[in-house]
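> sequence first, then the predicted structure, then my questions.
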Amino acid sequence: MDRKSWLSLMAKSSSQDIKAFWQSAELNCAAETIRMPEIGSVMVRGRQGGNGATFHLGEMSVTRCSIKTDDGIIGHGYHQGRSKETAELVAKIDALAQGDQFQTVNDKIFIPLSNIVVEKRQKLAAKAAATKVDFFTMVRGEDG
Amino acid sequence: MYVAVKGGEKAIANAHRWLDEERRGDRSVAALSIKQITEQMALAVSRVMAEGSLYDPELAGLALKQSRGDLIEAIFLIRAYRTTLPRFGTSSPIDTSAMQCKRRISATFKDIPGGQILGPTFDYTHRLLDFKLMADGEVPEAEQDEPSQSSMPHILELLNKDDLIQKECDDDNTANDLTREPLTLPVNRATRLQALARGDEGFLLGLGYSTQRGFARNHAFVGELRIGFVTVEMDIPELGFSIDLGMIEITECETVNQFQGSKSEPAQFTRGYGLVLGQQERKGIAMALVDRALRWQELGEDYLGAPAQDEEFVLSHCDNIQATGFIEHIKLPHYVDFQSELELVRQLRRDAALSKEASEKAAD
């Protein structure tokens, strides 16, 4: 898993899940905060007709934070919603994953988080599949 | 002339305290949690997010609780909060063809790759009150089935091999942002779509309906309607690459509209587009109808004087926070102002009486 993937994964995961896997991983991260956790917004863009020119759809809330570990590794955390605590935790996990703790972080945090994402997606697809319609044309109406 | 008045602080404080009590309601009934609202009043939450123009279910739930279920008041709270947030940036355009669909239907094409997916819909229910919901009954989990492996491409694109449906051009010229620049008319389609996406559902519903009833009729069918989740991705300067920032639920509606052709365009099907935050199917369809009606100029159609074709009319009145601000302000104290109006009316009456007297004397 590369950095883009793990940051994307954590941004979309729930605060609850991130915190739970962090705690069970029993990792430590001595770090100083170089950008205080900050709640902000991102303007989401859509495309006209789904694939044409862009337009502004509306905003979403995002929280970010940056930290620097005592080993000098900088971690950035972005997380959907308004949890400052989670954004800071994501930044710490990002820093650890860049260092020699990657394997532990991957096994104890990233893999379980991505399992949840996959599970959610499959469940949604399975429920959707159960509502799939097969229409049959009965008798076509003729004019006159 | 407006003159400030002072006073009333105590009355206002007490009024707000009473409001707090009324909001809480009967204390023997358990208070609502925000989680209950976001889970069980999800469509109200969707509407507050869409028209508040900020995707954050928890905040929308809080706004609904604070506003006692008044949707426009809740939207107002979200809009006000939104302005306090620093803007981190602008996302890459979302890819709605990659949506994880809860629902995906077409009223025009029966057999579509990926299939017609009804999803959790009110359609085909009997609209009879369900008294079981008054009891505290638990519901069974939704049925599940083996998902098909095929993707769900946009139907209109798929069927557009013969150029019978108008193509969207990706000219990508910078779209204005209404949260940063005021509306100055005329505007491009990008700005219109932003205004409609945060516009009032009821207003757009009425306008969309007017196009179906014959005010600038454009014979729309729902080519595709989909509801589901998309990822939002943004370039992060300090990283030097883009990452996903989250997932949002959205509703997308594409209409196909009959079009006879004009001086500049061949006969073909044209399109209207609706895209809304959250699960907002009615709004999505209405938005697409109004979008299509507003495109008359670009398609070389005639201006028929219909309200839905009038960009200034639609865009100046579709925002319910602007509308409610102006409508509701007339209930606030205007005493001094009104006193001068009253004096003016009295003066006019005196003058009229004097001149009547004078003309009667002259007639004698």
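Received it, and whenever you're ready, just let me know what you need. Keep in mind that what you see is a predicted model, and the values were worked out from it rather than measured.
> make it CA atoms for all contacts and neighbour counts henceforth
OK.
> strands of the stretch 101-250 of chain B, start to end?
Taking DSSP state E, counting those that start in this stretch as the criterion, the stretch 101-250 of chain B carries its strands at B:116-117, B:220-236, B:241-257.
> report all helices and strands that the shortest one contacts.
Spelled out, that is strand B:116-117. Applying 3 or more CA pairs under 8 Å, 6 or more residues apart in numbering or on different chains; DSSP states H and E, we find strand B:116-117 packed against strand A:132-133, strand B:100-105.
> can you list contacts of it?
With CA atoms under 8 Å, 6 or more residues apart in numbering or on different chains as the test, strand B:116-117 has contacts from A:128, A:129, A:131, A:132, A:133, A:134, B:102, B:103, B:104, B:105, B:106, B:110.
> does residue B:268 really touch residue B:259, like I thought?
Yes: Residue B:268 is in contact with residue B:259 according to CA atoms under 8 Å; the separation is 5.6 Å.
> which one of those two is surrounded by more residues?
More neighbours sit around residue B:259 than around the other of residue B:268 and residue B:259, counting by other CA atoms under 10 Å in any protein chain shown; the figures are 20 against 16.
> that one and residue A:40, how far apart?
Residue B:259 sits 44 Å away from residue A:40, taking CA to CA, to the nearest Å as the criterion.
> check residue A:102 too.
Counting by CA to CA, the separation of residue A:102 from residue A:40 is 29 Å.
> looking only at neighbour counts, state which of those two leads.
In terms of neighbours (other CA under 10 Å), residue A:40 is the more surrounded of residue A:102 and residue A:40; the figures are 21 against 17.
> so who does residue B:199 touch?
Contact analysis of residue B:199 by CA under 8 Å, 6+ apart lists B:51, B:318, B:319, B:320.
> in helices, which of these fall?
Using DSSP state H, the members of the contacts of residue B:199 that fall in helices are B:51, B:320.
> quick one: low-confidence ranges for the chain?
No chain specified, so I'll use chain A. A:136-144 (pLDDT under 70).
> hm, I was asking about chain B
Applying pLDDT under 70 to chain B flags residues B:1-5, B:170-173.
> let's see 90
Confidence mapping of chain B against pLDDT under 90 gives the ranges B:1-8, B:108-115, B:131-139, B:147-176, B:216-219, B:257-270, B:298-302, B:332-342, B:361-364.
> how about the helices of it, start to end?
With DSSP H as the criterion, chain B has helices at B:9-24, B:34-40, B:42-52, B:57-66, B:71-82, B:155-158, B:189-197, B:201-213, B:281-294, B:311-317, B:320-329, B:335-363.
> buried stuff in the second one?
Just to be clear, that refers to helix B:34-40. Taking 16 or more other CA atoms under 10 Å in any protein chain shown as the neighbour-count basis, helix B:34-40 is seen to contain the buried residues B:34, B:37, B:38.
> same check, this time on the shortest one
Within helix B:155-158, the residues that qualify as buried are B:155, B:156, B:157, counting by 16+ other CA under 10 Å.
> the first one contacts residue B:111, doesn't it?
To tie it back to what came earlier, the one meant is residue B:155. No: contact status for residue B:155 versus residue B:111: not in contact, 10.1 Å apart, counting by CA under 8 Å.
> common neighbours of the two, please.
Counting by CA under 8 Å, 6+ apart, no residue touches both residue B:155 and residue B:111.
> helix, strand, or coil at residue A:45?
In terms of secondary structure, residue A:45 is strand; the call rests on DSSP: H, G, I helix; E, B strand; the rest coil.
> got a list of what it touches?
Going by CA under 8 Å, 6+ apart, residue A:45 touches A:54, A:55, A:56, A:57, A:58, B:90, B:91, B:92, B:93, B:94.
> wait, which of those residues is closest to residue A:23?
Lowest distance from residue A:23 to those (CA to CA) belongs to residue B:91, with 31.7 Å.
> the nearest residue to that closest one once chain neighbours are set aside and residue B:282, how far apart?
Counting by CA to CA, 6 or more residues apart in numbering or on different chains, residue B:91 lies nearest to residue B:234, which is 4.4 Å off, once chain neighbours are set aside. Counting by CA to CA, the gap between residue B:234 and residue B:282 amounts to 29 Å.
> of the two, which one has the most company?
Looking at residue B:234 and residue B:282 with other CA under 10 Å, you find the greater number of neighbours at residue B:234, namely 21 against 15.
> bridged to the more buried one, which residues?
With DSSP bridges as the criterion, residue B:234 is bridged to residue B:243.
> hmm, residue B:90 and it touching each other?
Yes: contact status for residue B:234 versus residue B:90: in contact at 6.8 Å, counting by CA under 8 Å.
> now the common contact residues for those two.
In terms of CA under 8 Å, 6+ apart, residue B:234 and residue B:90 are not both contacted by any residue.
> show me where chain A has strands.
Per DSSP state E, chain A carries strands over the ranges A:31-47, A:54-69, A:74-80, A:132-133.
> partners of the first one in the sheet?
Here the strand partners of strand A:31-47, with direction, are listed using DSSP bridges: strand A:54-69 (antiparallel), strand B:87-93 (parallel).
> neighbours of residue 54, how many?
Answering for chain A, as no chain was given. As a burial measure, residue A:54 scores 25 neighbours (other CA under 10 Å).
> can you look at chain B instead?
28.
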